[in-house]
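Visitor: This is a predicted model, with the sequence first.
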Amino acid sequence: MDRRVVITGMGIVSPIGCGVETYERALMDGVCGIGPITRFDTADFKVKVAAEVKDDFDPLKYLSKIEVKKMDRFTRYAMAAACEAAEQSGIVGNVDPAEFGVYYGSGIGGFETFVEEHDTLLSRGPGRVSPMFIPKMIGNIAAGQIAIRFGAKGPCICITTACATGTGAIGEAYRAIRHGYCEAAVAGGAEATIHPLAVAGFQNMTALSLSADPMRASIPFDKERGGFVMGEGAGALILESYDHAVARGAEILAEVAGYGSTCDAHHITAPDPEAEASGRAFSQAMKEAGYTGDDVVYINAHGTGTPLNDVTETNAVKRAFGEDAHKVHISSTKSMTGHMLGAAGAAEAIAAVFALRSGVIPPTIHYEVPDPECDLDYTPNKAVKADPTLALSSSLGFGGHNSVIALRKI
């Protein structure tokens, strides 16, 4: 049984704004969410900037004070995004709980809680470690909390595939609904790791940009790129079978039409420069979505701004599209949001939906110096009208995980 799968709700917590309307305006206007790190003193750090969620995030809009206290920051982000998506969709109460699933992940989970409680153990002893430590920290708890909130008693799966988490979660939810394992699902990812230990770890593996200038820190596909900028937040989408959505009169935002999932099996952090597996993930998603040369294509690229990723992803697109690669509209919204890690794929899938619905391609901001090895159309600096018929969103994660979803207008 192969059923059509559609998106009926979206929610977002991001460094450039919370709520889908705010997020869309910021993307299309090229707003930069990167700035000096405020969460901790960076005097001893080479890395000085990050893309933090700003003061427009208020967890008390969705959670009680006691719930906030019992959740790590990443789960608060996840709950806010999921609640917005569910409200837009109207799915709660309009689907059999046994047919309502959750496919939601995090690359790292409750990092802040882990470090705080370890500090408590060392300074005050084991008796003072919070009894909420484990249920606040474990990576699957956002998925579990979402299921509890909405009474979703179908499959509840936590996807953890590093930077490919959000895209993989959407893809796996799509497959579950397509093949009849549930009627609807909350899908996406959340992350909150702008913390001294996480920044130090990424910094010391030379993954992060060392630029102190927010305007030249996250510069995907630019020849002067030197690493990614850590971001945070959450994205959530309500996926639903087409027939179920139509039967209940839901507004359909886009159709999930394809999914590709492969592994480089190459290196723990570096992408395979041959781009065979990543290119195949694009091809899988395109084939399932019925791509033809007549499609106007937009790719929301993984586009991290690391020297290796951007060349590899460019090569993956060329492998998948051949001569048509130079006609494809590409952008990296990480130039605005930074790299939201496990949340990135969900936030970027939402951006792809915006492009389909509005016909406008969001830009890659702060693009100044072309790289001969990255020679495709990356939509530099300003949004453009293109009316795409097919949108792809790609994520390439540590461990070699490659995930690509394909979306169509409906």
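Guide: That came through fine.
Visitor: Tell me the secondary structure at K136.
Guide: Secondary structure assignment for K136 (DSSP: H, G, I helix; E, B strand; the rest coil): helix.
Visitor: I misspoke; the intended subject was T42.
Guide: T42 ends up coil, using three-state DSSP.
Visitor: A236 too?
Guide: strand.
Visitor: Hmm, it is touching Y77, no?
Guide: No: contact status for A236 versus Y77: not in contact, 9.6 Å apart, counting by CB atoms under 8 Å. Bear in mind the C-beta positions are built from the backbone N, C-alpha and C, glycine included.
Visitor: ok, those two, which is more surrounded?
Guide: A236 (37 against 31; other CB atoms under 10 Å).
Visitor: any idea how far the helix of greatest length in the chain is from the chain center?
Guide: Across the chain, the longest stretch assigned as helix under DSSP state H is helix 73-89. Relative to its chain's centre, helix 73-89 lies at 14 Å (CA atoms, centre = their mean, to the nearest Å).
Visitor: Quick one: mean pLDDT over that helix.
Guide: The average pLDDT for helix 73-89 rounds to 98.
Visitor: Which strands or helices does that helix pack on?
Guide: strand 5-14, helix 141-150, strand 184-191, strand 233-241 (3 or more CB pairs under 8 Å, 6 or more residues apart in numbering; DSSP states H and E).
Visitor: deepest of these, which one?
Guide: strand 184-191 (a mean of 36; mean count of other CB atoms under 10 Å).
Visitor: got the angle for it vs strand 233-241?
Guide: Angle of strand 184-191 versus strand 233-241, following axes from the mean of the first three to the mean of the last three CA atoms, to 10 degrees, is 170 degrees.
Visitor: thinking L27 is in contact with M336, fair?
Guide: Yes: using CB under 8 Å, L27 is in contact with M336, at 6.5 Å.
Visitor: where do the contact lists of those two overlap?
Guide: I16, P362 (CB atoms under 8 Å, 6 or more residues apart in numbering).
Visitor: can you put the helices and strands packed on helix 73-89 in JSON lines and add mean pLDDT and distance to A85?
Guide: As requested, these are exported to JSON lines (pLDDT from 0 to 100; distance: least, CB to CB, whole Å):
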{"stretch": "strand 5-14", "mean pLDDT": "98", "distance to A85": "4"}
{"stretch": "helix 141-150", "mean pLDDT": "98", "distance to A85": "10"}
{"stretch": "strand 184-191", "mean pLDDT": "98", "distance to A85": "7"}
{"stretch": "strand 233-241", "mean pLDDT": "98", "distance to A85": "4"}
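Visitor: closest one to C158 among those?
Guide: Nearest to C158 among those is helix 141-150 (4.6 Å), distances taken as CB to CB.
Visitor: what's the next secondary structure element after that closest one?
Guide: strand 156-157 (DSSP states H and E).
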